[in-house]
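Student: I'll drop the sequence and a predicted model, then ask my questions.
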Amino acid sequence: MRNIRTADVTAAIKEMCIEANHFLAPDMREAMERAAKEEVSELGGQILKQLKENMRLAGEEQIPICQDTGMAVVFMEIGQDVHFEGGSLEEAVNEGIRQGYTEGYLRKSVVRDPLIRENTKDNTPGIIHYRIVDGDQVTITVAPKGFGSENMSRVFMLKPADGVEGVKNAILTAVRDAGPNACPPMVVGVGIGGTFEKCALLAKKALTRPAGSHSDIPYVRDMEQELLGTINDLGIGPAGLGGSTTALAVNILTYPTHIAGLPVGVNICCHVNRHAVRVL
Amino acid sequence: MNEYRITAPFAQETAKRLRAGDYVYLTGTIYTARDAAHQRMYEALAKGEELPFSIKNNLIYYMGPSPAREGRPIGSAGPTTASRMDKYTPKLLDLGMIGMIGKGKRSEAVHDAIRRNGAVYFAAVGGAGALLSKSITASEVIAYEDLGTEAVRRLEVKDFPVIVVIDSEGNDLYETAAQAYRKQA
């Protein structure tokens, strides 16, 4: 058994909230570079250049890449041989978010009740997903999620008979409907299988997989590549103003499902696809 | 597609010259309001009260900034999705608002109100909040301070870059631009 102090969790999450909102991970920076070289529309190319300049300014002058610094989504993969000491883990995670968003000049975008809508003024609580894994380490992924693209995300409960074509159509429908609202070029996270909630969670998790990486499952990898091409042929383009770069990546995760079902979750993210990872 | 430098606020004659696809640099005064501020303004109008600023010939920027660091006028300051304000926009246009700055598609009712009033809908590039903040020289909360980032702010802007998406004749760049690059049915 290994002891980990919850104060260390707080410190790591605080730093990751600030880092993720000012610097994109290398995979996203490379994907944007590639897109800028390949974009065929002149206006689209100009917009991609502006987004690169935006990224440079964000890092150098410590201005968040986007004013929507998101709701803090935190994936905690906890080794089963870990023991936390020093108080509640849940409170430690939220304290990290609180400190990161308050001290890091990040926007507070969370309301306490979805209908009464009073701002909590410190961006807590976060959305925390725990998973118990083997070993004695804790892997923390912080993925602040903006809502322009979150609002365009979908769950489709397809029939087994809909098959691969049905899945592709569902993904294309979500992307087409998202259009300019989701701040393209976007990253498309997809979860296929599981249950109603599992496919949505897989789709969210898929967004944290590096852009440019592919599934180990051959047919899934083929589908990722084919869909990226089809989506870019929609012509939506950077900022939705036309062009050949509508998506930077399509990341698909799958899971076993029920004989009667084919759930598909499509979680859309803008080009500010933020994720920071640390191992304690 | 033309390029213009325009001073805000501006009158209908100026709005009517603009065409979907034009690139515009705005200088002058604009106001911010997003979901919660729109709801409050809407309720104020329903009660027969005044809006917190004169809407005539003014632009509303759908934006809630991140906090400003010391010595800076504002934090990150890019556009939010405009369609969430569709419910409130026709009324404001009918009261003389000259246009909006946001991102994303608008409803049929907003299209109609833009045509009816000779107004304009601009897009700023979504997710370019750090870059856009550089064109904002001053920011002051003028109403609903309790709403935090959603308060109404008066902004002074200099060469703030926007693109005309819906013009006074109802042309919509989102519809035409994507068609030009579409490779499938």
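Tutor: Cool, got the structure.
Student: quick one, strands of chain B?
Tutor: Chain-ordered strands for chain B, with DSSP state E as the definition, fall at B:3-8, B:23-32, B:59-61, B:99-102, B:120-123, B:136-143, B:152-166.
Student: which stretches in the stretch 1-150 of chain A count as helices?
Tutor: Counting by DSSP state H, counting those that start in this stretch, residue ranges of the helices within the stretch 1-150 of chain A are A:6-22, A:26-38, A:42-61, A:89-103, A:147-150.
Student: got the strands of chain B as a markdown table, with mean neighbour count and distance to residue A:270 columns?
Tutor: All C-beta atoms are positioned from the backbone trio N, CA, C, and that covers glycine. Conversion of the strands of chain B to a markdown table gives the following (neighbours: other CB atoms under 10 Å in any protein chain shown; distance: least, CB to CB, whole Å):
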| stretch | mean neighbour count | distance to residue A:270 |
| --- | --- | --- |
| strand B:3-8 | 14 | 27 |
| strand B:23-32 | 20 | 20 |
| strand B:59-61 | 28 | 19 |
| strand B:99-102 | 27 | 15 |
| strand B:120-123 | 25 | 14 |
| strand B:136-143 | 16 | 21 |
| strand B:152-166 | 22 | 18 |
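Student: ok, which of those comes nearest residue B:50?
Tutor: Checking those against residue B:50 by CB to CB gives strand B:136-143 as the closest, at 10.6 Å.
Student: so for that closest one, what's the average pLDDT?
Tutor: The average pLDDT within strand B:136-143 is 98.
Student: packing partners for it?
Tutor: Under the contact definition 3 or more CB pairs under 8 Å, 6 or more residues apart in numbering or on different chains; DSSP states H and E, strand B:136-143 sits against strand B:152-166.
Student: put the alpha carbons of the strand it packs on into CSV.
Tutor: What follows is strand B:152-166 as a C-alpha-only set of coordinates in CSV (Å, rounded to 0.1, in the frame of the first residue of the first chain):
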residue,chain,number,x,y,z
VAL,B,152,-23.3,44.1,-18.9
ARG,B,153,-20.0,45.8,-19.9
ARG,B,154,-19.3,48.9,-22.0
LEU,B,155,-16.2,48.1,-24.1
GLU,B,156,-14.0,50.5,-26.0
VAL,B,157,-12.6,48.6,-29.0
LYS,B,158,-10.0,49.5,-31.6
ASP,B,159,-9.9,47.7,-34.9
PHE,B,160,-11.9,44.8,-33.5
PRO,B,161,-12.0,42.1,-36.3
VAL,B,162,-15.4,40.7,-37.3
ILE,B,163,-16.9,39.2,-40.4
VAL,B,164,-20.5,39.9,-41.7
VAL,B,165,-22.4,36.7,-41.5
ILE,B,166,-26.0,37.9,-41.9
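Student: which strands and helices sit next to it?
Tutor: With contacts defined as 3+ CB pairs under 8 Å, 6+ apart, the secondary structure elements packing on strand B:152-166 are strand B:23-32, helix B:108-117, strand B:120-123, strand B:136-143, helix B:173-181.
Student: is the last one up against chain A anywhere?
Tutor: This means helix B:173-181. Yes: Helix B:173-181 reaches chain A (CB under 8 Å from any CB of the partner chain) through B:173, B:174, B:176, B:177, B:178, B:179, B:180, B:181.
Student: tabulate the helices of the stretch 1-150 of chain A (a markdown table), appending mean pLDDT, mean neighbour count and distance to residue A:181.
Tutor: A markdown table is the format used below for the helices of the stretch 1-150 of chain A (pLDDT from 0 to 100; neighbours: other CB atoms under 10 Å in any protein chain shown; distance: least, CB to CB, whole Å):
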| stretch | mean pLDDT | mean neighbour count | distance to residue A:181 |
| --- | --- | --- | --- |
| helix A:6-22 | 98 | 22 | 21 |
| helix A:26-38 | 92 | 16 | 19 |
| helix A:42-61 | 94 | 19 | 16 |
| helix A:89-103 | 98 | 21 | 25 |
| helix A:147-150 | 94 | 22 | 6 |
